[in-house]
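Student: Structure for this input, please:
(one chain, ligands or ions: 1)
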Amino acid sequence: MLMNTFQELTDAVEKGNRKEAARLTQVLLDAGTAPLEIVESALVPAMSNVGEKFKNNQVFVPEMLIAARAMKEAMAIIQPLLTAAGIVPKYTAVIGTVQGDLHDIGKNLVAMMLKGANFNVIDVGINVPPEKFIAAARENNAQLVGLSALLTTTMPAMKTIVDAMRAAGLNNVKIMIGGAPITQQFANEIGADGYSPDAASAVDLAHKLVAA
Ligand code: B12
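Tutor: Residues are numbered from 1 along each chain as shown. Now for the predicted structure:
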């Protein structure tokens, strides 16, 4: 029965049916499903499906946009559950999507997971220029900066930011990068401190980097 609900939730997000996406998320939570499992087994697959269809010209930007909205609606219910209560965060991370890039679902997911792991997270948003990352890292004494990019055309902006941060003397701030087109090899090439392919392993990476 629950397997069906996962599939229904995936379909609802894909079709951009916000009300249904929220309702089914609540159904799964009420049945005792772990919040992260809902994200990984129903919500993320929905966005992958939409991406595939977009690539094959079966859907267009408006459909991607309404699917993204349905995903956000479901995530708004899940977010508070992922965020640990009460304990004072030991580390601060600044996270944002690089200049020229407006995709924020993956970035938001990573931010949410870091909050859940008790990081103080400063989310600087989308389309963020290097100066803004630098200012936010300075003002908040961040130990970590996370950069997200979903377009091959905005990947070079990551190198610009890494270089600008090093030039600004922020050598103790670790930089981790991610997003669908990013690879470990690319991280090595641009001198980032780490790469991770998904939000759950981003938390492990963040812990490793701040502890080093
Ligand atoms: C939703 C979506 C949109 C929405 C975004 C809404 C929003 N608020 O984010 C809208 C409609 C606005 C959009 C616009 C465009 N999009 Co778009 N979009 C997508 C889509 C379908 C899903 C992305 C997504 O949310 N995935 C779900 C999340 C959870 O996954 P994720 O982002 O990869 O994040 C995970 C990991 O990568 C990682 N991660 C992410 N960030 C970070 C950061 C750190 C620090 C770490 C450690 C890890 C990490 O953890 C996350 C969670 O596990 C993808 C297809 C795809 N499969 O990626 C296309 C896609 C990214 N878009 C694409 C394109 C072409 C565009 C447009 C240019 C289309 C157009 N012609 O206008 C514009 C560009 C706008 C811009 N300037 O940014 C292409 C990119 C092709 C390329 N190689 O560059 C894709 C791949 C679709 C395709 N198959 O062709 N898009």
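Student: Could you use CA atoms for every contact and neighbour count after this?
Tutor: OK.
Student: What residues of the longest helix seen in the chain count as buried?
Tutor: Criterion DSSP state H: the longest helix present in the chain is helix 61-82. By neighbour count on 16 or more other CA atoms under 10 Å, the buried set for helix 61-82 is 63-64, 66-75, 77-79, 81-82.
Student: ok, and does the helix or strand that that helix is followed by reach over to the ligand?
Tutor: Using DSSP states H and E, the helix or strand that follows helix 61-82 in sequence is strand 91-98. No - judged by CA under 6 Å from any ligand atom, strand 91-98 stays clear of the ligand, getting no closer than 6.8 Å.
Student: where exactly do the helices run in the chain?
Tutor: 2-15, 18-30, 35-38, 44-55, 61-82, 105-116, 130-139, 155-167, 184-190, 199-211.
Student: most neighbours per residue, which of these?
Tutor: Highest mean neighbour count among those (mean count of other CA atoms under 10 Å): helix 105-116, with a mean of 22.
Student: Alpha carbons only: can I get the worst-scoring helix or strand of the chain on mean pLDDT in PDB?
Tutor: Lowest by mean pLDDT, DSSP states H and E among the helices and strands of the chain is helix 105-116, with a mean of 86. What follows is helix 105-116 as a C-alpha-only set of coordinates in PDB (Å, rounded to 0.1, in the frame of the first residue of the first chain):
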ATOM      1  CA  ILE A 105      16.000  22.600  -5.100                       C
ATOM      2  CA  GLY A 106      19.200  20.700  -4.700                       C
ATOM      3  CA  LYS A 107      20.900  23.600  -2.800                       C
ATOM      4  CA  ASN A 108      17.900  23.800  -0.500                       C
ATOM      5  CA  LEU A 109      18.000  20.100   0.200                       C
ATOM      6  CA  VAL A 110      21.700  20.300   1.100                       C
ATOM      7  CA  ALA A 111      21.000  23.300   3.300                       C
ATOM      8  CA  MET A 112      18.100  21.500   5.000                       C
ATOM      9  CA  MET A 113      20.300  18.400   5.700                       C
ATOM     10  CA  LEU A 114      23.100  20.500   7.100                       C
ATOM     11  CA  LYS A 115      20.600  22.200   9.400                       C
ATOM     12  CA  GLY A 116      19.500  18.800  10.400                       C
END
